[in-house]
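# The following block contains a protein sequence and its predicted model.
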Amino acid sequence: MEIVNHPVLGELSQAKTVTLYFAGQPLTAREGQTVAAALMMNGIYKFGKSRKLLQARGLYCANGRCQSCLMTIDGVEHIRACSALVRDGMTVEENTGDPDIRRKPHGN
Amino acid sequence: METEVLILGGGPSGLAAAYEVASRGHGVMIVDEAWALGGQLRQQTQIIDPIPAPFTGLRGFQLAETLVERLKEFPVEYLLKHEFIGLFADGSAGVSGGEKILRISAKCFVVATGAAESARHFPGWTLPGVMTIGAAQILINRERIYPGKTGLVVGSSDMALEITRQMHDVGINVIGVVEPTSQILAKDGKIVSSLQETGIPVLLQTEVVAVSGSGKVETVLLSSGNKPGVETDCQVDFVCIDGGRHPILEPFSIMNCPLRYEKELGGWLPSYNGKLQSTNSGIFVAGQAAGVTCQAGVVLTGAIAGINAVDYLENGTAEARESCKQVYWDELKRIESTQTPEVWQARMSHMG
């Protein structure tokens, strides 16, 4: 849920909205938001499963450090959802296992 | 790409260092992994105090804007969404945005990577809905969303109590702050009384036994040292962990800078001398990477490291720069030794 009225920052400005697709379902997010925040705003807290014990994982540090929020974004696995900004038409999937080693066309 | 001073980290210390270098006519490039400058100030809505002039009275995010704004008159280069991932054989930096690796040759470095939050571990700490206290602040102030409706905070540092107050102010029901030790860890009396005004209880000698829930936090089980054997269930939908902070060290590992352990400075950090220069010549350390401290300490060490980088480029110091550094050191001593005397003392002993 959005914080519309903030005691210090004032009323939320009318930002442009974008649509992203989580497991195929369209969700509305605010432009400039991170993928993690956009999902949580839509009531989604579980971003994937841990590789070994298959336990639920979600946002933990929100800061690009802990790697708890890894997701598949636009087909690229293991992207930190806390550090990726939403884009219109973006697809987001849970990460449920070991990553594929990235090769072209994704670089490296 | 080429620059004179490559600054790793575009938070308050990196921005302060950049100003000292750029305003003296030298080339600077700032690399930051985030998509925006300002570091952790971006989500801070409290007024930063104490802080030296001309920054007094600003809220955290306004301080970030001011530090960025003041660089606009200089030709500072920025490389956002890029991380420092390695050194080439010739000493130039490898920086990547995830696809290509850019090569940046620099005469010296200022490492201002900041600090990361440390965890506290209990069964269920990885469940979605358990997050760091800093994450909760990012969600409410930067992302403008609720981390949950009803939460519990574990740990009682100044940072934790300040953010707890901010969560209360946006309408979140924080049922309590639990602190395993027998006293509140926060040192700033104003922050403690500001939390007390809210009526949110601080439960001392209380620990989290476990957090549980189906795919998400639903229940937290607490045990109190005052009532051995009795465990209390609380219904919450999020839990914030305040485990303190520690310097971010990857660049120092890459550059083979020797580390030392200083408990009061946040644990392991690079050795550095009175010039804030690491054991490796030409690598300066600033901000939380040089020891976890207050915002004033972050900005001032950044500024000092920046001037020392200029000295390095010019193969010696100048009177004007020396007196400028002295002013910053005096301010740092005044603030750090009164706010957190143990940090100031540890810094002095660390510099040797």
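Looks like it arrived, so ask away. This structure is a prediction, so every number in the text was calculated from the model and none was measured. Numbers count the residues shown, from 1 in each chain, chains lettered A, B, ... in the order given.
# Under the pLDDT cut-off, which ranges of chain A? List them.
Under the criterion pLDDT under 70, the flagged ranges of chain A are A:101-108.
# any chance you could map the helices in it?
Assigned helices in chain A, in chain order: A:35-41 (criterion: DSSP state H).
# Skipping its backbone neighbours, what lies nearest the residue of it found nearest chain B in space?
Of chain A, the residue with the smallest distance to chain B, taken as C-beta to the nearest C-beta, is A:Gly58 at 2.8 Å. For glycine as for every other residue, the C-beta is placed from the backbone atoms N, C-alpha and C. Taking C-beta to C-beta, 6 or more residues apart in numbering or on different chains, and ignoring the residues beside it in sequence, A:Gly58 has B:Pro128 as its nearest neighbour in space, at 2.8 Å.
# repeat for A:Asp88
Spatially, and ignoring its direct neighbours in sequence, A:Asp88 is nearest to A:Val18 (4.0 Å; C-beta to C-beta, 6+ apart).
# Quickly note the distance from the residue nearest to A:Gly58 to B:Ala119.
To B:Ala119, B:Pro128 is 15 Å away according to C-beta to C-beta, to the nearest Å.
# The two: which has the busier surroundings?
Here B:Pro128 and B:Ala119 are compared on neighbour count by other C-beta atoms under 10 Å in any protein chain shown; more neighbours surround B:Pro128, at 24 against 16.
# which residues touch stretch B:153-169?
With C-beta atoms under 8 Å, 6 or more residues apart in numbering or on different chains as the test, stretch B:153-169 has contacts from A:7-8, B:45-46, B:120, B:133-134, B:136-137, B:140-141, B:147, B:151, B:174, B:176-179, B:184-188, B:191-192, B:194-195, B:198, B:200, B:202, B:208, B:239-245.
# again, only this time at 6 Å
The contact list for stretch B:153-169 (C-beta atoms under 6 Å, 6 or more residues apart in numbering or on different chains) reads A:7, B:46, B:120, B:133, B:137, B:174, B:177-179, B:184-186, B:188, B:191, B:194-195, B:198, B:202, B:208, B:240-242.
# buried subset of the residues you listed?
Burial by neighbour count, 16 or more other C-beta atoms under 10 Å in any protein chain shown: within the contacts of stretch B:153-169 this picks out B:46, B:120, B:133, B:137, B:174, B:177-179, B:184-186, B:188, B:191, B:194-195, B:202, B:208, B:240-242.
# Mind checking what secondary structure B:Glu342 has?
For B:Glu342, the assignment made with DSSP: H, G, I helix; E, B strand; the rest coil gives helix.
# Mind listing what's buried along whichever strand or helix holds B:His350?
Counting by DSSP states H and E, the element that carries B:His350 is helix B:341-351. Buried positions in helix B:341-351, judged by neighbour count with 16+ other C-beta under 10 Å: B:343-344, B:346-347, B:350.
# Closest one to chain A out of the residues you listed, please.
For chain A, the closest of the buried residues of helix B:341-351 turns out to be B:Val343, at 22.1 Å, with distances computed as C-beta to the nearest C-beta.
# Verify the stated contact: the closest one with B:Thr293.
Yes: shown here, B:Val343 and B:Thr293 form a contact pair, counting by C-beta atoms under 6 Å, at 5.3 Å.
# one step back: keep only those of the buried ones among the contacts of stretch B:153-169 that are in strands.
Secondary structure defined by DSSP state E assigns B:174, B:177-179, B:202, B:208, B:240-241 of those to strands.
# got those residues as JSON lines, with distance to chain A columns?
Formatted as JSON lines, those follow (distance: C-beta to the nearest C-beta, whole Å):
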{"residue": "B:Val174", "distance to chain A": "15"}
{"residue": "B:Val177", "distance to chain A": "19"}
{"residue": "B:Val178", "distance to chain A": "19"}
{"residue": "B:Glu179", "distance to chain A": "21"}
{"residue": "B:Val202", "distance to chain A": "22"}
{"residue": "B:Val208", "distance to chain A": "15"}
{"residue": "B:Cys240", "distance to chain A": "11"}
{"residue": "B:Ile241", "distance to chain A": "9"}
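# Mind naming the longest strand for chain B?
Secondary structure assigned by DSSP E gives strand B:101-111 as the longest strand of chain B.
# need the contact list for residue 68.
No chain in the question, so chain A it is. Residues in contact with A:Ser68 (C-beta under 6 Å, 6+ apart) are A:57, A:60.
# oops, chain B please
Contact criterion C-beta under 6 Å, 6+ apart gives B:Leu37 as the residues in contact with B:Val68.
# And it, what's its pLDDT?
The confidence metric pLDDT takes the value 98 at B:Val68.
# Can you get me the start-to-end distance on stretch A:80-88?
Across stretch A:80-88, the straight-line distance between its terminal residues is 18 Å, by C-alpha to C-alpha, to the nearest Å.
# Okay, buried residues for it please.
Using 16+ other C-beta under 10 Å as the burial criterion, the residues of stretch A:80-88 that qualify are A:80-86.
# will you turn those into a markdown table that also has distance to chain B?
Putting the buried residues of stretch A:80-88 into a markdown table (distance: C-beta to the nearest C-beta, whole Å) gives the following:
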| residue | distance to chain B |
| --- | --- |
| A:Arg80 | 10 |
| A:Ala81 | 12 |
| A:Cys82 | 8 |
| A:Ser83 | 7 |
| A:Ala84 | 9 |
| A:Leu85 | 6 |
| A:Val86 | 11 |
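# okay, now the residue lying closest to B:Thr132 once chain neighbours are set aside: neighbour count?
When the adjacent residues along the chain are set aside, B:Thr132 lies closest to B:Glu117, with 4.3 Å between them (C-beta to C-beta, 6+ apart). Residues within reach of B:Glu117, counting by other C-beta under 10 Å, total 23.
# how about B:Glu117, what does it touch?
B:132, B:134, B:245.
# Now render these as a markdown table, adding neighbour count, pLDDT and distance to A:Val92.
Converted to a markdown table, the contacts of B:Glu117 look like this (neighbours: other C-beta atoms under 10 Å in any protein chain shown; pLDDT from 0 to 100; distance: C-beta to C-beta, whole Å):
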| residue | neighbour count | pLDDT | distance to A:Val92 |
| --- | --- | --- | --- |
| B:Thr132 | 29 | 98 | 22 |
| B:Gly134 | 25 | 98 | 23 |
| B:Arg245 | 21 | 98 | 30 |
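# Which single one of those residues is nearest to A:Leu53?
B:Thr132 (21.3 Å; C-beta to C-beta).
# quick one, what contacts the closest one?
If a contact means C-beta under 6 Å, 6+ apart, then B:Thr132 has A:61, B:117, B:241 as its contacts.
# at 7 Å what do you get?
When contacts are counted by C-beta atoms under 7 Å, 6 or more residues apart in numbering or on different chains, B:Thr132 touches A:60-61, B:117, B:240-241.
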